[in-house]
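Asker: Following is a predicted model, sequence given first.
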Amino acid sequence: MQGQSEIDQVLRQASETQEIPGVVAIAADGNDALYQGAFGKRDLSKPDPMTADSVFWIASMTKAVTTAGAMQLVEQGKLSLDAPVSAVLPDLAAPQVLEGFDANGEPRLRPAKRPITLRQLMTHTAGFCYDMWNGDMAVYLQKNGIPPITTCQNAALRTPIASDPGTRWEYGTNIDFVGKAVEAVSGQRLEAYLRDNLFAPLGMNDTAFKISDGMRPRLVGMHARGEDGQLAAIPFELEQEPEFHMGGGGLYSTAGDYIKFTQMILNKGRGNGNQVLKADTVATMGENHIGDLNMTKMTTAAPMYTNDVDLFPDQAKKWGLSFMINTAKTPQGRSPNSLFWAGLANTYYWIDPARNVTGVILMQLLPFADAKCLDAFAGFERGVYDGLDAGSGQKAA
């Protein structure tokens, strides 16, 4: 591919100067890899080089996978997008909205004005939030001794919602409930369901909630950027015997495995010779499902874990069934109506159906939306589009 050396240079330099700890990136069209590279180290405290088959915690890149599994069950009539989801998840039958705190610091709660639906959960309009972007919820969790979602304890899901269902977009624990809905109607734990219905059919043999013996030697270490900008390796691993499989963020995977998933979306539900979703289902997943609502800036309430998140601030962003949708061409060349999302430890992917291209770039570093990681991602993506434009004889925009 024409942009290959350009991308190599960006990613190698970022790794060698330790702007990022290490990185694996892969881009593909519907059929073939267009670019693959691995640079830097798996763990800055160890000598092992990064390799293309390195295993990362992909965090919220799990969301699209869980949603795809749920959409299989929607196709089968076992789940409904618009019926009250309490029919399969009785715990969501009487959601309470947190309206702040009274003079004594006690939470003010009221019943939600309408029931929660699966569609709202998939689009982050059900009202559930993450405390790292919602200070009021952080206070509520602390006051009530509710464990963080990353503990994968069922108690972590017993939270109020931050707004009435269907009234605003707010990023949160919604997809964990989508995973619970999959379990409720399939009779399987989420990992078993996804393995049988997505991972095995697509040949994603290195993707799981539990790190297998085969995956562990290739596991990438977590890093943190200190206030001085320097990187350090830190201990981090999700609970390996969780009470629930975190459909919103629990998967470990490789770039090569995840690109099989994004290629399946590009190929209208088909991958590895198997049709895992209907073409019209995939088309539906990529449409705007939040109407006049927009994705809004995510302002950090936990700077250790995330920076503020304000992607493409000059354009409106919509939400599909678990994907962010950009409404205008991006500076890197991504077409309007492309699909995108990311994971907390600076893992990112995009799917551009108009240009038949998808990319995955994985790093392992906190806090999220790190400027140096975003620069590496932008350089990678720009190189991919430069290569496509050169290859098709078009001048790059």
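Answerer: Alright, I've got the coordinates. Residues are numbered from 1 along each chain as shown.

Asker: Show me which positions of stretch 137-155 end up buried.
Answerer: For stretch 137-155, the neighbour count (16 or more other Cβ atoms under 10 Å) marks 137-141, 146, 149-150, 152-153 as buried. Any C-beta I mention is one placed from the backbone N, CA and C, and that applies to glycine too.

Asker: mind showing which ranges of this protein have poor pLDDT?
Answerer: 1-2, 393-397 (pLDDT under 70).

Asker: in it, which spans are helices?
Answerer: For the chain, the helices defined by DSSP state H cover 4-16, 62-75, 118-123, 135-144, 174-186, 190-194, 200-202, 255-266, 279-285, 371-391.

Asker: Specify the stretch among those helices that is closest to Pro331.
Answerer: helix 371-391 (7.6 Å; Cβ to Cβ).

Asker: Leaving out the residues flanking it, which one is nearest to Pro353?
Answerer: Once flanking residues are discounted, Pro353 sits nearest to Leu266: 6.3 Å by Cβ to Cβ, 6 or more residues apart in numbering.

Asker: One more: Gly221?
Answerer: In space, Gly221 is closest to Asp43, 3.1 Å off (Cβ to Cβ, 6+ apart).

Asker: And the one you found, its phi and psi?
Answerer: phi -150, psi 120 (degrees, to the nearest 10).

Asker: Just want to check the distance between Leu81 and Met324.
Answerer: Plainly put, Leu81 is 19 Å away from Met324 if you go by Cβ to Cβ, to the nearest Å.

Asker: With Trp350 instead?
Answerer: On the measure of Cβ to Cβ, Trp350 and Met324 end up 9 Å apart.

Asker: before we move on, the earlier item: so which of the helices of the chain is the most surrounded?
Answerer: helix 118-123 (a mean of 26; mean count of other Cβ atoms under 10 Å).

Asker: what are the C-alpha coordinates of it, in CSV please?
Answerer: C-alpha atoms of helix 118-123 as CSV (Å, rounded to 0.1, in the frame of the first residue of the first chain):
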residue,chain,number,x,y,z
LEU,A,118,-33.0,-2.0,24.2
ARG,A,119,-32.5,0.6,21.4
GLN,A,120,-31.9,3.3,24.1
LEU,A,121,-29.3,1.0,25.8
MET,A,122,-27.5,0.5,22.5
THR,A,123,-27.4,4.2,21.7
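
Asker: who touches it?
Answerer: Helix 118-123 has contacts (Cβ atoms under 8 Å, 6 or more residues apart in numbering) with 67, 70, 74, 79-83, 85, 126-128, 165-166, 169, 174-175, 177-178, 181, 289-290, 319-322.

Asker: 6 Å instead, please
Answerer: By Cβ atoms under 6 Å, 6 or more residues apart in numbering, the residues outside helix 118-123 that reach it are 67, 79, 81-82, 85, 126, 165-166, 174, 177-178, 289-290, 319, 321-322.

Asker: Check stretch 224-240 too.
Answerer: With Cβ under 6 Å, 6+ apart as the criterion, stretch 224-240 contacts 18, 21, 43-45, 152, 210, 221-223, 366.
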